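> what follows is a protein structure lacking sequence information:
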DNA sequence: GCTAACTTGAACATCTCTGTTCGGGTTAAA
DNA sequence: TTTAACCCGAACAGAGATGTTCAAGTTAGC
């Protein structure tokens, strides 16, 4: 009988991948998992409906092997989303979000929007496959960053206090994604997108009665 | 042989439904078409993936009958979207969008956002089934309204001139949809949504250097 | 009341995906 | 060198879904 390639037997439930296997995988297994994730990101970035078979083929791996590591499609998509978001988060770690809230937000937008743009299709796949809470949870750390900046801006009196903070966070994400779509559709100059988003957001977040800030990039 | 129920024989290509059939349909056919569209709106509003079979059943009509009137699923979705948008457009016809651009925008948001909210799932279905150009085309008249208001506001100096107008229109739609999602998720008070959207938009559209307007509903 | 338009359920023909099983081969690792 | 972990193609199982065809019934409309 072929040994079950499932690593440590019973995987947690799915949709909640264990961060690391209890038993260390063999080198070739790790390599394949990496290939699969790479291929999955690539294909899902181009088409949110890419099939598991396509992904396996692109990874140079048998379909059975893939299913050995990711027991369902949702599992795979979850892993891809998680990895992508973690990488994005690492990028943001290298971004200075201290100091003036408006400048901090501008920098965050500058560092984020390309990622949002590049992986918008992956997010779309996740939205079709995973429950909203899960997607939210994966983004938790990134959401926190935005929250923190907005919070600081509010206390400093430069961001508005008359709307729910949750909504302001939503607005930030929403406009970034919208810009990504427009840029993909050629309706917004890609090189100019960061400025456009930042300008719009800074205005949207300004307190009524205050003066709309000018963008400086 | 049963007569082909396809009305005037060769339908235009699909994805471009003729507004009215060349030969008048029989009364029962018209009734059924109406039932189908009603049911389709209802089901697609709840689940963008509702199947043709489900829709036919909900309409109290045989699946074959449905296919007689809408030769593909995309055809049906197109018809649903078109009808919905047309109805929305009619509602907006009854909305005063003259006068002060900021107030006009506020009124337009007030009249629109519930519709956007109610039918967001229909739009989702359309996005999965129809090419983007087609969706854009269906929304043409509505887009024009927004354009007109923004244009007027720019000329009056109350809306910003430093960002592409296309983008501002995108921002309007994007924020309305985002609010619809948030409201559906219970993150934003439904009764307050119009005010929140309008406040955010008026700020976002304000020219740098000017004062952020206060909302008045 | 005649007729063509219309409706209908049932069955069929595909298609495409997901996920599993099997039997045998390969390779990492001690 | 041994062996358990791993990989693989092929084949199967099955769940939907979309469209089509058929043969027989209703019904609108003149």
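Structure received. Please read these numbers as outputs of a predicted model, since none were measured by experiment.

> residues from chain A in reach of DNA strand C?
Counting by CB under 7 Å from any atom of the strand, chain A comes close to DNA strand C at A:2, A:26-28, A:51-53, A:63-64, A:67, A:71-74. Using the backbone N, CA and C atoms, a C-beta is placed for each residue, glycine as well.

> between the residues you listed, which sits nearest residue A:217?
Among the residues of chain A next to DNA strand C, residue A:74 lies closest to residue A:217 (CB to CB), at 39.8 Å.

> so the closest one touches residue A:129, yeah?
Yes: in this structure, residue A:74 is within contact of residue A:129 by CB atoms under 8 Å, at 4.8 Å.

> neighbour-wise, which of those two wins?
More crowded of residue A:74 and residue A:129, by other CB atoms under 10 Å in any protein chain shown: residue A:129, with 20 against 17.

> just list the residues touching that one, thanks.
Going by CB atoms under 8 Å, 6 or more residues apart in numbering or on different chains, residue A:129 touches A:73-74, A:77-78.

> how is chain A divided into domains?
Listed by automatic domain parsing, the domain ranges of chain A are A:27-71, A:75-205.

> for chain A, which segments count as strands?
In chain A, no strands are found when defined by DSSP state E.

> which ones among the residues of chain A next to DNA strand C are found in helices?
A:27-28, A:52-53, A:63-64, A:67, A:73-74 (DSSP state H).

> one step back: dump the domains of chain A to TSV, plus mean pLDDT.
Formatted as TSV, those follow (pLDDT from 0 to 100):
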stretch	mean pLDDT
domain A:27-71	98
domain A:75-205	96
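
> out of these, nearest to DNA strand D?
domain A:27-71 (3.0 Å; CB to the nearest atom of the strand).

> residue contacts, the residue most central in space within chain A?
The residue lying closest to the centre of chain A (CA atoms, centre = their mean) is residue A:85, at 4.0 Å. By CB under 8 Å, 6+ apart, the residues touching residue A:85 are A:138-139, A:142.

> which one of those residues sits closest to residue A:209?
Within the contacts of residue A:85, proximity to residue A:209 (CB to CB) peaks at residue A:142, which comes in at 30.8 Å.

> which residue ranges of chain A form helices?
If DSSP H is used as the criterion, the helices of chain A fall at A:27-46, A:52-58, A:63-69, A:73-93, A:101-118, A:120-129, A:132-138, A:140-155, A:165-184, A:193-205.

> quick check: angle from the fifth one to helix A:140-155?
Here helix A:101-118 points in a direction 150 degrees away from that of helix A:140-155 (axes from the mean of the first three to the mean of the last three CA atoms, to 10 degrees).

> residues in contact with helix A:101-118?
A:45, A:88, A:91-92, A:94-98, A:145-146, A:149-150, A:152-153, A:156, A:158-159, A:172, A:176-177, A:179-180, A:183-184, A:190, A:193-194, A:197-198, A:201-202, A:205, A:213, A:215-217.

> do that again at 6 Å, thanks
A:88, A:92, A:95, A:97, A:149, A:152-153, A:156, A:158, A:176, A:180, A:183, A:194, A:197-198, A:202 (CB atoms under 6 Å, 6 or more residues apart in numbering or on different chains).

> among the residues you listed, which are in reach of chain B?
The subset of the contacts of helix A:101-118 lying close to chain B, counting by CB under 6 Å from any CB of the partner chain, is empty.

> scan those and report the most crowded one.
residue A:197 (29 neighbours).

> list the contacts for that one?
Residue A:197 makes contacts with A:109, A:113, A:175-176, A:179, as judged by CB under 6 Å, 6+ apart.

> near chain B, which residues of chain A show up?
Close to chain B, as judged by CB under 6 Å from any CB, chain A has residues A:163, A:166-167, A:170-171, A:174, A:178, A:182, A:187-188, A:196, A:200, A:203-204, A:206, A:208, A:210-212, A:214.

> among the residues you listed, the buried ones, what's the PyMOL command?
The buried residues among these can be selected in PyMOL (16 or more other CB atoms under 10 Å in any protein chain shown) with this line:
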select buried, chain A and resi 163+167+170+171+174+178+182+188+196+200+203+204+206+208+212
